[in-house]
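Engineer: With the input below, show me the fold.
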Amino acid sequence: MAEFAEMEATEGLRMTWNVWPGTKIEAAKCVVPLAAVYTPLRPLPNLSVLPYGPLRCKSCRSLLNPYCRVDFVAKIWFCPFCFQRNHFPEHYMAISENNLPAELFPQCTTVEYCLPGEQALPPVFLFLLDTCIVEEELSYLKLALTQAVGLLPGHALVGLITFGTHVHVHELGFSEIPKSYLFKGSKDVTKEHILDQLGLITPGQQKLVTGVRDGLSAKSISRFLLPAVDCEFILSALLDELQRDPWPVQTDQRAARCTGTALSVAAGLLGVCVPGTGARILAFLGGPCTEGSAVIVSRDLSEPIRSHKDLEKNAAPHHQKAVKFYENISKQLVNQGHVLDLFACALDQVGVAEVKVAVEKTGGLVVLAESFGHPVFKDSFKRVFEAGDYVLGLSFNGIFEVNCSKDVKIQGIIGPCASLEKKGVSTSDTVIGQGNTIAWKMCGLDRNTSLAIFFEVVPKEISNALTQPMAQQFFFQFTTYYQHSEGKMRLRSTTVSRRWVDGAQSTEDLVSGFDQETAAVIMTRLASFKMETEEEFDATRWLDRSLIRLSSRFGDYRKDDPSSFSFSSKFAIYPQFIFHLRRSQFVQVFNNSPDETAYYRMVLCRENVNNSVAMIQPSLISYSFNSPPEPVLLDVAAISGDRILLLDAYFSVVIFHGMTISQWRNAGYQDQLEHQAFAQLLQAPRDDADAISKERFPVPRLVICDQHASQARFLLAKLNPSATYSSNSGVAPGGEIIFTDDVSFQVFMEHLQKLAVQT
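Structural biologist: Predicted coordinates for the structure are as follows:
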């Protein structure tokens, strides 16, 4: 898989199959979809940033790229997508074989254009605070916000809205005394109502005015959105004086929290003041919405908040209405080019499952934690604004387009984007995710934002088309037009080539191009999507059947002889991924709330391949006196009394001390000079865990536990149960057994081999 990682380092792209079957029938036999995971803003080591605009094909609008054939005498280039002849403009007339523009260099398959004459726009951050939380939580949140404002660039515009029973829009531009405008929490608001209430419309004015370009004065906008450098003191004073929602709450009731109305007001305010400019709503929620249009549970505490079982049985009376409300909010935000980020911190559910559609379609960030004082929230929130080696590189207001050769069509995208409903010749009739288009809106994106793009093969017009040398190659071009974190608009273009094979006769070629990690990630995204959109979809059965068909197609075996079954090295790890995926939080929702499941799936659908693989099959590293740190199998047999294990499950990082190690630590041996080696052994996994946390968003939860302690469950739940209470073999000294009825990976493979070789 190293060769695919190298390709990703230069292209930002990984594909399930890097060699494609030439017919639709052969593509269907491949079982794993023809798909790609593309990271539009992936940092590339030798990325060329060009200070001029791109050159486009006059027919299909694709950009000039290294795969274009060039006639240097006639000054003509040939588009590899539609074969159109295009003349170079005058400023390219000096072009020759020894004087090429950067976009024609063979190594420059990805280039970025910094478009000249573009005005730098300041980013906008609108903070939306829930005040129906206890004083301690509110103090944590206020401290985090004060630190964040200090980290913002001075020219960034900042606004503040607080909500509880009602919504308060704070006028930061009025520095004499604190001043805010109140919106009733139980009442729906419109853009006209917001304009009127905030005094942004003059009496008798007929036209709805929004933004500076439409006639709204900069002075009016600066009442509510001020540069960070000008409002830091005012905002700090406001936060210091901010109190809990004053409306009384009876002991048998929940607080009146109008989350939906607050988001409507926030979206409306940004739509009025800065439409089409990169802006983010950062919503901090400490409980469920109980007031207004987006209610997810009543105020009466006797009514429990919805569970997965309630959603399956349609016994959640508020769910569909709330989802519909947030779908409308997402459409409004997408039209405005604005992002919704969600920071949900509470011991109970807050409604992440309902807000998911708005966060996902706008490309927002999401963090779920137990408290605003928890390191998961504090460190993650700080990462949003911090500069340095691990900067997120937040960008705004993007448009993503895909162009491909005529024999390929686009089925859709699963990821943080919204369809722009721009149909083209490459649009497929089969829709997966956001489909029926060749262009998508990405209101928010960062250096890790990744899209899963699904393709299909179009039936060839000529049966022997693959015998022609030129026909064996096909192309993709991904273009991303976006507002860079520096404020200027940029256009990044990635052009890649892959080749066809006659699938019926070239199985070896197909196998050589199979990327196991990308295939596992694509199947996980697809299974998660189907579980949310298809009623009574059995993900485990679907995954099992897909794996059996893949094994029958690409395994080496004698019919009806399971012992003869073997996989090529290109497929060897894939069954492990599927085994762990079947047991993961993406498929097994038992013991997870709808909010947690929505959170896990949202993060999965925006992360790159390496991070997604860590979610599916965590990595396990062993530390001991006998050897340097080394990866070990994700198996209960890895547990030993004299070992420390480091589990990286993406959302959590677990440091697990074996029984002997924990006894030595409790005896204080690490503090004695003659046992410095033991102190270093204890410190090594801590250092590695810190390194993992620094480069990851959201920051993972750190769990430090001992063998046989209660928190050891965080490790045991992820391990292959090769030794259980029902196993015949005994437990090794210092080892462990798992109390579960789940089958082990060995039994799983035995059943797979038996079913794969059946005639």
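Engineer: Determine how far stretch 310-321 lies from the middle of the whole chain.
Structural biologist: Its chain's C-alpha centre and that of stretch 310-321 lie 26 Å apart, by Cα atoms, centre = their mean, to the nearest Å.
Engineer: which residue is nearest the middle of this structure?
Structural biologist: Nearest to the geometric centre of the chain sits Arg606, at 1.5 Å (Cα atoms, centre = their mean).
Engineer: who touches that one in this structure?
Structural biologist: By Cβ atoms under 8 Å, 6 or more residues apart in numbering, the residues touching Arg606 are Gly363, Gly415, Pro416, Asn448, Thr449, Ser450. (Each C-beta comes from the backbone N, C-alpha and C, glycine too.)
Engineer: Most neighbours among the residues you listed, which one?
Structural biologist: Greatest neighbour count in the contacts of Arg606, by other Cβ atoms under 10 Å, goes to Gly363: 30 neighbours.
Engineer: residue ranges with poor pLDDT in the stretch 301-450 of the chain?
Structural biologist: Across the stretch 301-450 of the chain, nothing is flagged by pLDDT under 70.
Engineer: in it, which spans are strands?
Structural biologist: Here the stretch 301-450 of the chain has its strands, by DSSP state E, counting those that start in this stretch, at 338-345, 366-369, 395-404, 408-414, 418-419, 439-445.
Engineer: So which of these is nearest Glu354?
Structural biologist: Closest to Glu354 of the strands of the stretch 301-450 of the chain, according to Cβ to Cβ: strand 338-345, at 10.9 Å.
Engineer: Check which helices and strands the closest one is in contact with.
Structural biologist: helix 259-273, strand 279-285, helix 319-336, helix 352-361, strand 366-369, helix 375-385, strand 439-445 (3 or more Cβ pairs under 8 Å, 6 or more residues apart in numbering; DSSP states H and E).
Engineer: please redo it, this time with the cut-off set to 7 Å
Structural biologist: strand 279-285, helix 352-361, strand 366-369, helix 375-385, strand 439-445 (3 or more Cβ pairs under 7 Å, 6 or more residues apart in numbering; DSSP states H and E).
Engineer: Dump the C-alpha coordinates for it into PDB.
Structural biologist: Written as PDB, here are the backbone C-alpha positions of strand 338-345 (Å, rounded to 0.1, in the frame of the first residue of the first chain):
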ATOM      1  CA  HIS A 338     -21.600  30.200   5.200                       C
ATOM      2  CA  VAL A 339     -20.500  27.400   7.600                       C
ATOM      3  CA  LEU A 340     -22.100  26.000  10.700                       C
ATOM      4  CA  ASP A 341     -19.600  24.600  13.300                       C
ATOM      5  CA  LEU A 342     -21.000  22.600  16.200                       C
ATOM      6  CA  PHE A 343     -19.500  22.200  19.700                       C
ATOM      7  CA  ALA A 344     -21.800  20.000  21.800                       C
ATOM      8  CA  CYS A 345     -20.800  19.600  25.400                       C
END
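Engineer: tell me the SS of the nearest residue to Ala712 once chain neighbours are set aside?
Structural biologist: Leaving out its chain neighbours, the residue that sits closest to Ala712 by Cβ to Cβ, 6 or more residues apart in numbering is Cys705, at 5.0 Å. Following DSSP: H, G, I helix; E, B strand; the rest coil, the label given to Cys705 is strand.
Engineer: how close does the spatially closest residue to Leu160 that is not a sequence neighbour get to Leu238?
Structural biologist: Excluding the flanking residues, the one nearest Leu160 by Cβ to Cβ, 6+ apart is His170, at 4.5 Å. Distance, His170 to Leu238, using Cβ to Cβ, to the nearest Å: 6 Å.
Engineer: and those two? which has more neighbours close in?
Structural biologist: His170 (22 against 19).
Engineer: Identify the residues contacting the more buried one.
Structural biologist: Neighbouring residues of His170 by Cβ atoms under 7 Å, 6 or more residues apart in numbering: Leu160, Ile161, Ser180, Leu238.
Engineer: Pull up the gap between the first one and Ala74, please.
Structural biologist: Meaning Leu160. Counting by Cβ to Cβ, the gap from Leu160 to Ala74 is 61 Å.
Engineer: Now name the helix or strand holding Asp240.
Structural biologist: Using DSSP states H and E, the element containing Asp240 is helix 228-241.
Engineer: returning to that earlier point: what do His170 and Leu238 both touch?
Structural biologist: Leu160.
Engineer: returning to that earlier point: out of Leu160 and Ala74, which sits in the more crowded spot?
Structural biologist: Leu160 (26 against 10).
Engineer: Quick check: phi and psi at the more buried one.
Structural biologist: phi -140, psi 130 (degrees, to the nearest 10).
Engineer: need the contact list for it.
Structural biologist: Applying Cβ under 7 Å, 6+ apart to Leu160 gives the contacts Phe127, His170, Leu172, Leu235, Leu238.
Engineer: Please name the residues that touch the fourth one.
Structural biologist: If a contact means Cβ under 7 Å, 6+ apart, then Leu235 has Val149, Val158, Leu160, Leu172 as its contacts.
Engineer: count of residues packed around the spatially closest residue to Glu386 that is not a sequence neighbour?
Structural biologist: Spatially, and ignoring its direct neighbours in sequence, Glu386 is nearest to Leu151 (6.1 Å; Cβ to Cβ, 6+ apart). As a burial measure, Leu151 scores 13 neighbours (other Cβ under 10 Å).
Engineer: now swap in Ile76 and tell me
Structural biologist: Close neighbours of Ile76, defined as other Cβ under 10 Å, add up to 13.
Engineer: Quick check: the closest residue to it other than its chain neighbours vs Val757, distance?
Structural biologist: Spatial nearest neighbour of Ile76, excluding adjacent residues (Cβ to Cβ, 6+ apart): Arg85 at 5.4 Å. Remark: distance between Arg85 and Val757 (Cβ to Cβ) = 54 Å.
Engineer: Could you do Val249 as well?
Structural biologist: Distance of Val249 to Val757, given as Cβ to Cβ: 64 Å.
Engineer: now swap in Gly735 and tell me
Structural biologist: Gly735 is 34 Å from Val757, by Cβ to Cβ.
Engineer: Over to Glu327?
Structural biologist: 47 Å.
Engineer: and Val457, what are its phi and psi?
Structural biologist: phi -90, psi 130.
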